[in-house]
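Enquirer: I would like to see how this sequence folds:
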Amino acid sequence: MTYLDTRIDELTNEAEQHLLRSSQPHGWLGLVRSMRQGRLAWVFWITWATQVLFIVLGIIWAIKFFNATEVLPAVKYGLSAATALILGTLIKVGLAPHLHAERVLRELKRIEILVLAQRSEKG
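Expert: Numbering: from 1, shown residues only. Reported below is the predicted structural model:
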């Protein structure tokens, strides 16, 4: 726990602490779970399927590369395997900015909840 977390705990009352606990961040797996639903879920599923396809093809071609006895098939399968594995990795890493944006939006929603709670207490 950081200094800021400790300070927030000191300054909040029980109701605010309940709101903070109920809106805790998901973590990476929770964010991926939330990406599988909602209005942009189709983008997740298409990129996931494409990534799996590239990884499977890359592994198959890598096995054929290591089993090749002649130069031409080895070059053909080696370049294909490397390209497919790199593309599969790039697609996977391409979702990282979206995950970061989701984390930032979730934190902003937590702040909004606390501000609304303060406003409803005063008004």
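Enquirer: quick one: the residue nearest to Gln51 when sequence neighbours are not counted from Leu85, how far?
Expert: Spatial nearest neighbour of Gln51, excluding adjacent residues (C-beta to C-beta, 6 or more residues apart in numbering): Ile91 at 4.2 Å. Using the backbone N, CA and C atoms, a C-beta is placed for each residue, glycine as well. Using C-beta to C-beta, to the nearest Å, we find Ile91 at a distance of 11 Å from Leu85.
Enquirer: for those two, list the residues in contact with both.
Expert: Taking C-beta atoms under 8 Å, 6 or more residues apart in numbering as the criterion, Ile91 and Leu85 both touch Phe54.
Enquirer: before we move on, back to that, residues contacting the helix or strand the residue nearest to Gln51 falls within, please?
Expert: If you go by DSSP states H and E, Ile91 is part of helix 71-94. With contact meaning C-beta under 8 Å, 6+ apart, helix 71-94 is reached by 47, 50-55, 57-59, 61-62, 64-65, 68.
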